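Engineer: here is the input, now give the coordinates:
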Amino acid sequence: MEDKCARRPRRYGNLLFALPLLCIFVCPVATDITDVPKFGQPINNVTVPVAREATLACVVEDLATYKVAWLRVDTQTILTIATHVITKNHRIGVTHSDHRTWYLQIRDVRESDRGWYMCQINTDPMKSQVGYLEVVATSVEGPVFNITRVNRLHMGAYLCIASNGVPPTVSKRIMLIVHFPPMIWVQNQLVGAHEGQQMTLECNSEAYPKSINYWTRDKGDIIAQGGRYEPVLLDNAYKVHMKLTIRSVGPTDFGPYKCVSKNSLGDTDGSIKLYRIPQPSTQYRTTSTTEASVLPEKEKKQRSRQKEPEAAEEDASNEIMDLSDPEKITKERDLKLRGRPHDNALELPVAEGPTSSGESHLPLTLLIWSTSLWLSKVHVPPILNLPP
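Structural biologist: Numbering: from 1, shown residues only. You can find the predicted model right below:
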């Protein structure tokens, strides 16, 4: 059986471009691209009987200060914003679980509630995804089970059980297959990336019989696997999750892309535009080879300048002393010991400023001891043999 509702996504697909006009709630500005929220998973389509309660779930990651709104696509009506119900329909409610999963609840479902519902995040550009609510009027009369207006959502296994109260009961499994043309929806139709970044584009397709799915560029060229592109298809019954990974985005990769789905009943496609965003501002310090070669020369000059005073001190220590005056010899040696900042044999502490009474004689004692030690190493003629 062919699904008469299968062509609805193409009919409502053009409305996705007009719905941003309904975003009347204020959009906060993100300071970093990593702060932008994203959908955790697609909205599951729901089928409920008349007079029951229907619940549509929208999973949002990293919501932060952004807000989630529910809209009715068919009538372009805003139903809820955050935790507030905007519509006057008393059967509509909204709840959430830790600001991550947002539930749209419709009580006492009617056939007029059948259609597409959109979950929207007030980012810039706006992010949205849709889910379909199917309302069925079922009746069971003995061994007959009637399904009115059958569509792809009714596809699956049904179990007929017969019992008269006497065991055992018997059952029969009946598989219902619905043929319908491909349907595609895109979560994010506008995606930003900077050069060198790895980016993944995603589409969701449904079709039966099984469809042929592929990616194309704006001129219709099919994107084959290899090089920087990696298309992946994840099948789940009549549903296909299409992914196109660009390993390193280059200047020629920006522009529109299309995810295409075809089977024997028809074909459809979805569009995604990849736009350029500025590179992250990171400053790197570069060192040229010229600086590296000049630096050792400067260090050599500084080291040679530091060695000059030491050489001068060594030359001064080799001067010939006048030994005719003992007092002059002692004073000159005392001055040299005080004036040398570094002695290869011994470093002496020099007291600066006033000291306490207990420490006042310590530098003098060290000085006399070091002088006697130094004199013992130098051969000096006895003073007693000096002329009077």
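
Engineer: now Thr216, what are its backbone angles?
Structural biologist: Note on Thr216: its backbone torsions stand at phi -140, psi 160 [degrees, to the nearest 10].

Engineer: that one pairs with what?
Structural biologist: Listed beta-bridge partners, Thr216: Ile222, Lys258 (assigned using DSSP bridges).

Engineer: which residues touch it?
Structural biologist: Taking C-beta atoms under 8 Å, 6 or more residues apart in numbering, we find Thr216 in contact with 222-223, 257-258, 260, 269. In short, each C-beta sits where N, CA and C put it, glycine included.

Engineer: ok, of these, which come out buried?
Structural biologist: The neighbour-count test (16 or more other C-beta atoms under 10 Å) applied to those identifies 223, 257-258, 260, 269 as buried.

Engineer: where does Tyr66 sit: helix, strand or coil?
Structural biologist: With DSSP: H, G, I helix; E, B strand; the rest coil as the basis, the three-state label of Tyr66 is coil.

Engineer: that one contacts Thr123, doesn't it?
Structural biologist: Yes. Counting by C-beta atoms under 8 Å, Tyr66 touches Thr123, with 6.3 Å between them.

Engineer: mind giving me the domain split of the chain?
Structural biologist: 1-140, 179-281 (automatic domain parsing).

Engineer: give the rounded mean pLDDT of the last one.
Structural biologist: For domain 179-281, the per-residue pLDDT values average out at 92.

Engineer: ends of that domain, what's the gap?
Structural biologist: The first and final residues of domain 179-281 sit 52 Å from each other (C-alpha to C-alpha, to the nearest Å).

Engineer: also stretch 105-125?
Structural biologist: Stretch 105-125 has an end-to-end distance of 27 Å (C-alpha to C-alpha).

Engineer: let me see the ranges of the strands in the stretch 201-350 of the chain.
Structural biologist: 212-217, 229-236, 239-246, 255-263, 266-276 (DSSP state E, counting those that start in this stretch).

Engineer: just checking: what are the partner strands of the host helix or strand of Met175?
Structural biologist: If you go by DSSP states H and E, Met175 is part of strand 170-176. With DSSP bridges as the test, strand 170-176 is paired with strand 156-162 (antiparallel).

Engineer: now the strand it pairs with - C-alpha only, PDB.
Structural biologist: Extracted as PDB, the C-alpha positions of strand 156-162 are listed here (Å, rounded to 0.1, in the frame of the first residue of the first chain):
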ATOM      1  CA  GLY A 156       5.500  -3.100  11.600                       C
ATOM      2  CA  ALA A 157       4.400  -6.400  13.100                       C
ATOM      3  CA  TYR A 158       0.900  -7.100  14.500                       C
ATOM      4  CA  LEU A 159       0.000 -10.000  16.600                       C
ATOM      5  CA  CYS A 160      -3.500 -11.600  16.500                       C
ATOM      6  CA  ILE A 161      -4.300 -13.600  19.600                       C
ATOM      7  CA  ALA A 162      -7.200 -16.000  19.900                       C
END
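
Engineer: what's the burial count for Leu201?
Structural biologist: Residues near Leu201, counting by other C-beta atoms under 10 Å, number 21.

Engineer: isn't it up against Ile272?
Structural biologist: Yes. With contact defined as C-beta under 8 Å, Leu201 and Ile272 form a contacting pair (5.1 Å).
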